[in-house]
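Q: compute the structure for the input listed below.
(chains A and B)
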2 protein chains.
Amino acid sequence: MTLVEELVDLVGKDAILVEDADMAFATEDWRGRYRGKALCVTRPATADQVAAIVACCHRHAVPVLAQGGNTGLVGGSVPPSDGPAPVIVNLERMRRIRKVDPVNNTMEIEAGCVLAHVQEAAREAGRYYPVSLGAEGSCQIGGTIATNAGGTSVLRYGNTRENVLGLEAVLPDGTIWSDLKALRKNNTGYDLKHLFIGSEGTLGIVTAAVLKLHPLPTRHAMAWIGLSDPQAAVRMLTLMQERNAAKLSGFELMNHTQLDLVVRHVPQRRAPLETEHNWHLLVELSDTGGEEDLDGALQSVLERAFESGLIADAVIAASDGQRAALWEIRHSVSEANKKAGVGLTTDCAVPVSATAEFIDRTGAAVRALAPEAALVIVGHMGDGNVHFIPFFSFEHWNALEKRNEIATAIRHAINDVAHALGGTFSAEHGVGQVSLKEMDRYKTPADLTLMRAIKSAIDPRGLFNPGRLLPPAT
Amino acid sequence: MTLVEELVDLVGKDAILVEDADMAFATEDWRGRYRGKALCVTRPATADQVAAIVACCHRHAVPVLAQGGNTGLVGGSVPPSDGPAPVIVNLERMRRIRKVDPVNNTMEIEAGCVLAHVQEAAREAGRYYPVSLGAEGSCQIGGTIATNAGGTSVLRYGNTRENVLGLEAVLPDGTIWSDLKALRKNNTGYDLKHLFIGSEGTLGIVTAAVLKLHPLPTRHAMAWIGLSDPQAAVRMLTLMQERNAAKLSGFELMNHTQLDLVVRHVPQRRAPLETEHNWHLLVELSDTGGEEDLDGALQSVLERAFESGLIADAVIAASDGQRAALWEIRHSVSEANKKAGVGLTTDCAVPVSATAEFIDRTGAAVRALAPEAALVIVGHMGDGNVHFIPFFSFEHWNALEKRNEIATAIRHAINDVAHALGGTFSAEHGVGQVSLKEMDRYKTPADLTLMRAIKSAIDPRGLFNPGRLLPPAT
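A: Below is the predicted model:
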């Protein structure tokens, strides 16, 4: 029997796709940037089926590619275009929410659940699953775990990693490793779940997880602030943390160029302030219960900041509708940039105390390489995660020769500044196939050696998502 | 040259102890329960010296035991009494606080820093390092990382694991693996630091770390509450989380028997309430800045709980002095129990929603085995971590035959209940040498196989803290 025939025997004909047209959703990414070949797409309904598929591939020494919503930005869930074609394990049929425990503040879910459905199920139980990002309507929870997804709530609630208590994964030999405990304290040997979280499908296939829930925020206050430079934004963050630490739930930065693109290219988006400013901050407080006047608390910090010359102007959202409208400006960034031209997106994080210097030095480096590029800057300031996006008009970009070389040179220049400041070239997007060279450039030999030792110990044949995350040893 | 002569050459004579009397502090635990033999105690001053010592031991195939403050409860930092005697690497000379960055809310420290000094250095910068436990005056930060220490602030701030951003460790072959980044987001390959955190010296020797700091709480409110049963305590926790989620910083439970031991055996401790209750809760709110009346917020929840019959009585601390006095009752538990008799301490955690059932079923199981034992119960209720302590008078215990068998049977009975409820036999103390049998009894074969694969990949000769954490494969 061929491998595909064996797989059909194992999980049924309906759960195996083999035609190119049927597999297209899984062999190409949503932006159309990466495309590859797969032997077939399998759609298991249980962890046992995942294990059976993986064990079968292991016997045949065929690579395996786990896939959630395929919404990533670094090509990590798209099969390679050359080399052995993998069997794709698509988790979308495993989408049960098994248990919500509001007293323990946990929920157990299967890996194929869409993030937005998980958020909604928590909300229905009066609880909050905080991980939130642009793709939440289609990305799957297993994918957010495999990539340790970040987003806009890391400042208060941490990354996906900090919100996973229990995990189940299928290992490269078909073993089901299951540790679905719903505990906040458990010191019984190595904490293996952290190996799989963020490993981008190279060590195991996440099949289920226990997530940490939080009390549902019931009250909010939000301001849009205009200010003159990033250093003032850093000082504003410290001020907010010293005055309203426990309630600070959002602290997002963008420059005038970014706001301008949103206002010009996305319908119904308006600049929140009447005056013009070089830099803008979105600040949100939220609380569960409590008696404090959050608008008043925010107003009081803003007045103090205004008096000391830290900020130039600000407006506080007067209603939930106005608050939603301010968040919509932030969430319209990708749409605006896609419409307006070609942006070379980067994903650095540096210590918060170094963000202003990072922006200054990066700006100088990019201007030296490409004086004609606009500098679009938008970031999760509270985490030091600044997306610095050198930006070109379509006409200009398309007229350029050596586009790839220019893009690579600019990206390296930006990542070099981050690295020099103790930062990282990938804060939240991951490595995938895009940043393999950066792994060689910025990680230490000890780092790479240790990662390869772990990979060999768990996947000695190198069958799980080969060619991703870890660059080949030279 | 002998190994010891080589080590003297490497780090100097003053940094090597070889006499039994000089080594006694390192070869025995503070309670006098475990004692072993060491080849020598080394006292390196830098990570390079640690690496040189380890590489030398690697060449000689001699085991290495890393040691911090030697304050653990499970014998993990005490050398074995038989088998090859290890070289102890004591970190106490590496105690520099290298950098405090209040804007980034981080600090970089060396592994030998005493926890209380770390807390104090954070406080001097107007920041807060939240990990807090009984041994904080002598335990070292490297030891808290190697054991993923818990304590009384996990409910709000997480375990040690959640408060470490960067880490440096010496591997069993003498390689220095260093990733001292001060970042909240970094998705660039496997998150290796989580392998070393909680690995109890079996994978690497922690030499330095970057810790996460938090805004310093400036305002507090605290109540001592009397109530009739653990289920009411669980409902009280949910009520507090729904009404004051972001500010809840302490939620500790003890039964009447435990409070009584403290009041009778520790000078100047008094029962906070005039009436008698079967169960007691200590609840604390804290905030940084803010305008809310915390005492008023606490009072309002207590009134509601009293009206609905959830609690029987409560008192709110009227001053910082009263608040400190209430915490002192909680912190006097170990002293009282040590003076009063023999307690068989256990360290289970279960889902918070199962704590009341855990206490009921455990009580029945222990009464069936040892009807004469008192049941002392004290725990970090907010994390589901309940220390259930069957308690005997000295006279009764000393008159017993087969004490070890009785203790083992009782511990297994308690841990069995926790396991049946999805819980763990070690929430915060770790495995060390005490709970090796529990690892075999409760962890899955897949868990143990994976842990052994990791151990073999990083320490193929098994030289780092052999015989601890991982039971031998059978």
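Q: give me the mean pLDDT for stretch A:25-42.
A: Throughout stretch A:25-42, pLDDT has a mean value of 93.
Q: quick one, domains of chain A?
A: Chain A breaks down by automatic domain parsing into domains covering A:1-216, A:219-332, A:341-420.
Q: secondary structure element for the spatially closest residue to residue A:403 that is not a sequence neighbour, which one?
A: Distances taken as CB to CB, 6 or more residues apart in numbering or on different chains place residue A:397 nearest to residue A:403, at 6.8 Å, with adjacent residues excluded. Just so you know, the C-beta spots here come from the backbone N, C-alpha and C atoms, and that holds for glycine as well. Remark: residue A:397 resides in helix A:394-399, with elements defined by DSSP states H and E.
Q: show me which residues of the helix or strand that that helix is followed by are buried.
A: Using DSSP H and E, the helix or strand that directly follows helix A:394-399 along the chain is helix A:403-420. By neighbour count on 16 or more other CB atoms under 10 Å in any protein chain shown, the buried set for helix A:403-420 is A:406-407, A:410-419.
Q: pull the CA atoms of helix A:403-420 into CSV?
A: Taking C-alpha atoms only, helix A:403-420 is exported to CSV below (Å, rounded to 0.1, in the frame of the first residue of the first chain):
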residue,chain,number,x,y,z
ARG,A,403,14.3,44.8,-4.9
ASN,A,404,15.2,41.6,-2.9
GLU,A,405,18.7,42.9,-2.2
ILE,A,406,17.4,46.3,-1.0
ALA,A,407,14.7,44.7,1.2
THR,A,408,17.3,42.4,2.8
ALA,A,409,19.8,45.2,3.3
ILE,A,410,17.1,47.4,5.0
ARG,A,411,15.9,44.5,7.2
HIS,A,412,19.4,43.7,8.3
ALA,A,413,20.1,47.3,9.1
ILE,A,414,17.0,47.5,11.3
ASN,A,415,17.6,44.1,13.0
ASP,A,416,21.3,45.1,13.6
VAL,A,417,20.2,48.2,15.6
ALA,A,418,17.8,46.1,17.6
HIS,A,419,20.5,43.5,18.3
ALA,A,420,22.9,46.1,19.4
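Q: got the contact list for that helix?
A: Helix A:403-420 is touched from outside by A:344, A:346, A:348-350, A:358, A:361-362, A:365-366, A:368-370, A:373, A:388, A:390, A:397, A:400, A:423-425, A:438, A:441-442, with contacts defined as CB atoms under 8 Å, 6 or more residues apart in numbering or on different chains.
Q: of these, grab the buried ones for ChimeraX.
A: With 16+ other CB under 10 Å as the burial test, the buried ones among these are selected in ChimeraX as follows:
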select /A:344,346,348,349,350,358,361,362,365,366,370,373,388,390,397,423,424,425,438,442
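Q: picking up where we left off before, residue B:295: which of the buried residues of helix A:403-420 is nearest?
A: Set against residue B:295, the nearest of these by CB to CB is residue A:418 (45.9 Å).
Q: need the pLDDT of that closest one.
A: 98.
Q: got it, and residue A:474?
A: Per-residue confidence (pLDDT) for residue A:474: 75.
Q: count of neighbours near it?
A: 5 (other CB atoms under 10 Å in any protein chain shown).
Q: do the same with residue A:427
A: Counted with other CB under 10 Å, residues neighbouring residue A:427 total 29.
Q: from the contacts of helix A:403-420, which land in helices?
A: A:358, A:361-362, A:365-366, A:368-369, A:397, A:438, A:441-442 (DSSP state H).
Q: closest to residue A:188 out of these?
A: Lowest distance from residue A:188 to these (CB to CB) belongs to residue A:442, with 34.4 Å.
Q: what distance do you get for the spatially closest residue to that closest one that is not a sequence neighbour to residue A:361?
A: Of all residues not flanking residue A:442 in the chain, residue A:419 sits nearest, at 5.3 Å (CB to CB, 6+ apart). Distance of residue A:419 to residue A:361, given as CB to CB, to the nearest Å: 12 Å.
Q: list the contacts of the residue nearest the centre of chain A.
A: What sits nearest the mean C-alpha location of chain A, by CA atoms, centre = their mean, is residue A:149, with 3.7 Å. Applying CB under 8 Å, 6+ apart, we find residue A:149 in contact with A:131, A:133, A:139, A:143, A:159-160, A:428.
Q: and residue A:30, by the same measure?
A: A:70-71.
Q: what about 10 Å?
A: For residue A:30, the contact set (CB atoms under 10 Å, 6 or more residues apart in numbering or on different chains) comprises A:69-73, A:78, A:135, A:138.
Q: quick check: phi and psi at it.
A: Main-chain torsions, residue A:30, degrees, to the nearest 10: phi -70, psi -20.
Q: likewise for residue A:278?
A: Backbone torsions for residue A:278, taken as degrees, to the nearest 10, come to phi -70, psi -30.
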